[in-house]
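Peer 1: Sequence isn't available, so here's the structure alone:
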């Protein structure tokens, strides 16, 4: 992902998410700027089909939704998958597994121990098919992610 991809990412985000999950350009740009090797796009003929934002993180604490990151942790053990979205017309083309594999390879290269995420909009089954399992997080930490949000992790 390049900084110039952000406008297409924001348009796709609007199409894929409920209003309470829409994040600002500043929040998303901070993740791409701090961890460009773990932020990816899928394109065809210059059209944005999907994206994945991830960044190194420490422990089970969740980064706040729609909050720009100033720095990354000094001693990360986790790759936090912040967001994965696919254009509805691109679903079923195996783009999600390819994006996930790319970011998992980066996490292994950085010698991280886990990937973690918060599944929203009933996506826990999708993530389960990719090797993630629910892990308990305090309800207060999940509140900003909306009803039904599930903390999930996958060891590397």
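Peer 2: Sure, I can see it. Remember, predicted model here, so these are calculated numbers, not experimental data.
Peer 1: got the buried residues for the longest helix along the chain?
Peer 2: Counting residues, the longest helix in the chain under DSSP state H turns out to be helix 95-109. Neighbour counts over helix 95-109 (16 or more other CB atoms under 10 Å) mark 95-96, 99-100, 103-104, 106-107 as buried. The C-beta positions use only the backbone N, C-alpha and C, and glycine is treated the same way.
Peer 1: And stretch 147-156, by the same measure?
Peer 2: In stretch 147-156, counting by 16+ other CB under 10 Å, buried: 149-154.
Peer 1: ok, then the element right after the helix or strand containing residue 15?
Peer 2: In this structure, residue 15 sits in helix 6-16 according to DSSP states H and E. The helix or strand immediately downstream of helix 6-16 is helix 25-34, counting by DSSP H and E.
Peer 1: what angle do that next one and helix 6-16 make?
Peer 2: 120 degrees (axes from the mean of the first three to the mean of the last three CA atoms, to 10 degrees).
Peer 1: mind starting the numbering at 9 from now?
Peer 2: Renumbered: residue one is now 9, and that last one reads helix 33-42.
Peer 1: Going by contacts, tell me the helices and strands next to the helix or strand following helix 33-42.
Peer 2: Sequence-wise, the next helix or strand downstream of helix 33-42 (DSSP H and E) is strand 47-52. Using 3 or more CB pairs under 8 Å, 6 or more residues apart in numbering; DSSP states H and E, the elements in contact with strand 47-52 are strand 55-65, helix 103-117.
Peer 1: Now tabulate those in a markdown table and tack on mean pLDDT and distance to residue 132.
Peer 2: As requested, those are exported to a markdown table (pLDDT from 0 to 100; distance: least, CB to CB, whole Å):
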| stretch | mean pLDDT | distance to residue 132 |
| --- | --- | --- |
| strand 55-65 | 94 | 17 |
| helix 103-117 | 93 | 14 |
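Peer 1: now for the buried residues of stretch 155-164, which pair is the farthest apart?
Peer 2: Within these, 157 and 162 form the most distant pair, 17.0 Å apart (CB to CB).
Peer 1: pretty sure residue 88 contacts residue 73?
Peer 2: No - between residue 88 and residue 73 no contact is recorded; they are 11.8 Å apart, counting by CB atoms under 8 Å.
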